[in-house]
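Novice: Predicted model, plus sequence, below.
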Amino acid sequence: AQIINLLKSLKKDGMSFMLITHDLAVLSEIADKIGIMYGGHMVEFGSSEQIYKNPKHPYTRGLLESIPTLKGNPPKYIKGIPPSLLDAPTQCRFLERCPLAVEKCKELPPKFKTATGYVRCWLYEDEK
């Protein structure tokens with residue numbers, strides 16, 4: 001708690017910093033902007049509010065659904081295993097685990113701009 005309070009104080013004083021964490025609860029308290037990484041790529045970047053309220057990338061959605069809730073809803077886990085980065089795929093890195101995958105996902109997607117950031121997913125190709 002002391003570290004979180006220190007980070008909040010530094011933020012209040014105008015300092016910017018990058019926090020790398022798996023703890024989404026901590027991020028929700030202190031981050032203005034969030035970048036979601038998967039398989040060595042940033043798959044989504046946006047405001048904290050956008051990431052939590054309207055996640056775009058299927059991995060971001062799955063990540064948020066895997067968090068236990070106070071309502072008692074059981075967490076949903078992302079099936080499969082992440083790709084090896086020693087022999088990284090040239091396609092979308094989330095392809096093998098993605099419930100929304102389409103044929104075009106066999107190509108590595110570029111970044112598509114969103115209202116508050118960007119998403120690296122072919123599902124948003126038409127929103128450019």
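Specialist: Nice, thanks for sending it over. Just so you know, these numbers come straight off a predicted model, no measurement behind them.
Novice: residue ranges with poor pLDDT in this structure?
Specialist: 128 (pLDDT under 70).
Novice: counting contacts, what elements does the longest helix seen in it pack onto?
Specialist: If you go by DSSP state H, the chain has its longest helix at helix 2-12. Packing partners of helix 2-12 (3 or more C-beta pairs under 8 Å, 6 or more residues apart in numbering; DSSP states H and E): helix 24-30. Where you see a C-beta, it was placed from the backbone N, CA and C, and this is true even at glycine.
Novice: List the contacts of the most centrally placed residue in the chain.
Specialist: Residue closest to the mean C-alpha point of the chain, counted by C-alpha atoms, centre = their mean, is residue 36 at 2.9 Å. Shown in contact with residue 36 (C-beta atoms under 8 Å, 6 or more residues apart in numbering): 42, 43, 44, 45, 51, 57, 59, 60, 63.
Novice: Quick check: closest non-adjacent residue to residue 47.
Specialist: residue 116 (4.6 Å; C-beta to C-beta, 6 or more residues apart in numbering).
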